[in-house]
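Asks: coords below, sequence missing:
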């Protein structure tokens, strides 16, 4: 470990949202801790679901985390640990490095294996029935931009086409508006692909975009 610089701390602070994101994904039975590896005070600088181990911000790095730090792997194999209160945890540690390839932090994820199965599943599938009832747009796991654009256009087109509250004469403009909100038209050749997918001219696409952007500037 070494004394960290201001830029090192900038990197670590930028990781704080990732702590919250992982915890939100896996729920209350998974602890996520961001460790600062400053040799003056190696400790937790951000933690989510700290109730699992009883730790808070400022708690020292564990001896086992130091072992993982010295193993030479930036992403450890998963390993089993025990809490002082007896809970069994499945853990994994990831080293965070700066531009000089120096270890400045560690992201540790600890899942409580003793948590009730039903509770764990409820965390993984929150309000799943209400999501299905309201027809969520399928996320596009595309292999390239063209595939992503085609899929996005089709998803939005289907939403708008099936929405009886949108007049038929305004459906094409609504589709273009929604695609613009998604940032699709920031991508190369998107207007041509959208025009072909919606069976309208590219000039119509550009006209809609001018109107949409003029309205946004006026607001």
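Replies: Nice, I can see it. Not measured: the values here are computed from a predicted model.

Asks: CA only for contacts and neighbour counts going forward, please
Replies: Will do.

Asks: Scan the helices and strands of this structure for the one with the lowest mean pLDDT.
Replies: helix 128-133 (a mean of 46; mean pLDDT, DSSP states H and E).

Asks: so after that helix, what's the next helix or strand?
Replies: helix 145-161 (DSSP states H and E).

Asks: How far off centre is the following helix or strand past that following helix?
Replies: Using DSSP H and E, the helix or strand that follows helix 145-161 in sequence is helix 171-181. Counting by CA atoms, centre = their mean, to the nearest Å, helix 171-181 is centred 25 Å from the centre of its parent chain.

Asks: Any buried residues in helix 171-181, and which?
Replies: Buried residues in helix 171-181, counted by 16 or more other CA atoms under 10 Å: 171, 172, 173, 174, 175, 176, 177, 178, 179, 180.

Asks: now for the helix or strand following it, which elements pack on it?
Replies: Later in the chain than helix 171-181, the nearest helix or strand by DSSP H and E is helix 190-198. If contacts are counted by 3 or more CA pairs under 8 Å, 6 or more residues apart in numbering; DSSP states H and E, helix 190-198 sits against helix 145-161, helix 202-218.

Asks: now the host helix or strand of residue 64: mean pLDDT?
Replies: Following DSSP H and E, one finds residue 64 within helix 63-69. The average pLDDT within helix 63-69 is 74.

Asks: what's the closest of the helices and strands packed on helix 190-198 to residue 51?
Replies: helix 145-161 (40.2 Å; CA to CA).

Asks: And the closest one, what does it pack against?
Replies: helix 171-181, helix 190-198.

Asks: got the buried residues for it?
Replies: For helix 145-161, burial by neighbour count (16+ other CA under 10 Å) applies to 148, 149, 150, 151, 152, 153, 154, 155, 156, 157, 160, 161.
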